[in-house]
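Novice: using only what follows, build the 3D model:
(chains A, B, C and D)
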Protein chains: 2
Amino acid sequence: MNEGVEWAIHSCVNLCWVPGEPMTAKRLAAFYDLPTAYLNKQLQALARAGILSSTSGPKGGFQLARRPDKITLLDIVIAIDGPDDAFRCTAILKAGPGGDPREDYRKTCLVSGAMRRADLAYRRELAARTIADLVADVERTSPRTPENTRTWFANLKS
Amino acid sequence: MNEGVEWAIHSCVNLCWVPGEPMTAKRLAAFYDLPTAYLNKQLQALARAGILSSTSGPKGGFQLARRPDKITLLDIVIAIDGPDDAFRCTAILKAGPGGDPREDYRKTCLVSGAMRRADLAYRRELAARTIADLVADVERTSPRTPENTRTWFANLKS
DNA sequence: GACGATATACTCGGATACCCCTTGTCCGAGTCTAGCTGG
DNA sequence: CCAGCTAGACTCGGACAAGGGGTATCCGAGTATATCGTC
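Specialist: Reported below is the predicted structural model:
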């Protein structure tokens, strides 16, 4: 899986704690010492998916496009990593004896079905978890994190 | 995910239907018109994992090392694709403010935990499905497949 | 002093190289078989 | 005719290239701001 998924999730959580004005990719990258341009690329993907809204120019940056409880982890994974399943059925039954070139083995092949069921379980788990849930969990575990994050970004120079 | 996983599962199912003598990688590859040497590589991985047993020389080949109901899809996925999770936590919290270099964020980071939970759901689904289950499902759906497969391999020349 | 045009600096956005892992291939080690040779 | 040896062929096994996608970077399009000039 794409490494940017991790960056994207953490960045969305941080965006929850510093609301109001847009946050630039540069500042978000500085928080975790990440390569700025590459994180920018991931945030662009989130913006294309409608998860973030982006504004250009000075005082520009990224901010959440909708409420945190309406952003699931699956949304982020799909935005960054693409909509394809981990297991991709290449329909090798088509090349085997008795294979029908017109049949859609992604539907009928039982091997494909078993793997697809696992993929669905994975996605169901991700879809059940929102950014708001994560934020709430962190605030419950270490309540000072939101305030610390806000002050850190406030004291950030450049 | 590695494409060889699909080949490996289908090959294991076929091995269930042609028991007794070992089956060469060449014959298994011919069934689906796959590159022989590369399928051999995947079968080697299954042998290293203890799923298949391999014998060299003429009359050699691969056969199941244990009963089909003791081989889960997760075993095959791990053997081919490696034991790593899809989401790998790089512990970016370590680089952030207040990050403790000694802490194991793979355990404590809540983002990592949420992703790990999804991974576990995925693996649980795969672990609950054995080769024997797949074989039984196929035999229920199309009962003539085992016999057809046997005769196909029997009539295969080289 | 106030308003407007302009130059500037800063942001996102997409197009462009680099690199590692998956894919694919090849030749060597080991082994069973079949044939040959000698008794 | 039978036992033993030897040569051969066939298999797995791991080491060796080639391609594609993730990783990383750079420069251009667009915009809010601050400055300067004019009224």
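Novice: for residue A:44, give me the pLDDT.
Specialist: Listed pLDDT for residue A:44 reads 97.
Novice: what's near enough to touch it?
Specialist: By CB atoms under 8 Å, 6 or more residues apart in numbering or on different chains, the residues touching residue A:44 are residue A:54. Glycine gets a C-beta too; all of them are placed from N, C-alpha and C.
Novice: need the three-state assignment for it.
Specialist: The three-state assignment at residue A:44 reads helix, by DSSP: H, G, I helix; E, B strand; the rest coil.
Novice: check contacts around residue A:88.
Specialist: B:1, B:3 are the contacts of residue A:88 under CB under 8 Å, 6+ apart.
Novice: what about 10 Å?
Specialist: A:106, A:112, A:115, A:119, B:1, B:3, B:5, B:6 (CB atoms under 10 Å, 6 or more residues apart in numbering or on different chains).
Novice: who are the packing partners of the host helix or strand of the last one?
Specialist: Using DSSP states H and E, residue B:6 sits within helix B:4-17. Secondary structure elements in contact with helix B:4-17, counted by 3 or more CB pairs under 10 Å, 6 or more residues apart in numbering or on different chains; DSSP states H and E, are helix A:110-127, helix B:25-32, helix B:36-48, strand B:52-55, strand B:61-64, helix B:73-81, helix B:131-141, helix B:145-155.
Novice: out of the ones you listed, deepest packed?
Specialist: With neighbours taken as mean count of other CB atoms under 10 Å in any protein chain shown, these reach their highest mean count in helix B:73-81, at a mean of 22.
Novice: and that helix with helix B:110-127, angle?
Specialist: 110 degrees (axes from the mean of the first three to the mean of the last three CA atoms, to 10 degrees).
Novice: quick one: least confident helix or strand in chain A?
Specialist: Scoring the helices and strands of chain A by mean pLDDT, DSSP states H and E places helix A:105-108 at the bottom, with a mean of 92.
Novice: anything in that helix near chain B?
Specialist: Yes: judged by CB under 10 Å from any CB of the partner chain, helix A:105-108 and chain B are in contact via residue A:108.
Novice: tell me how far that helix is from the chain's mean position?
Specialist: 29 Å (CA atoms, centre = their mean, to the nearest Å).
Novice: same question for that helix: list its buried residues.
Specialist: residue A:105 (16 or more other CB atoms under 10 Å in any protein chain shown).
Novice: what does it contact?
Specialist: By CB under 10 Å, 6+ apart, the residues outside helix A:105-108 that reach it are A:85, A:88-94, A:99-100, A:111-113, A:116, B:141-142.
Novice: rewinding a little: columns distance to residue A:136 on top of the helices and strands packed on helix B:4-17, output as JSON lines?
Specialist: What follows is these, written out as JSON lines (distance: least, CB to CB, whole Å):
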{"stretch": "helix A:110-127", "distance to residue A:136": "17"}
{"stretch": "helix B:25-32", "distance to residue A:136": "49"}
{"stretch": "helix B:36-48", "distance to residue A:136": "43"}
{"stretch": "strand B:52-55", "distance to residue A:136": "48"}
{"stretch": "strand B:61-64", "distance to residue A:136": "48"}
{"stretch": "helix B:73-81", "distance to residue A:136": "32"}
{"stretch": "helix B:131-141", "distance to residue A:136": "39"}
{"stretch": "helix B:145-155", "distance to residue A:136": "51"}
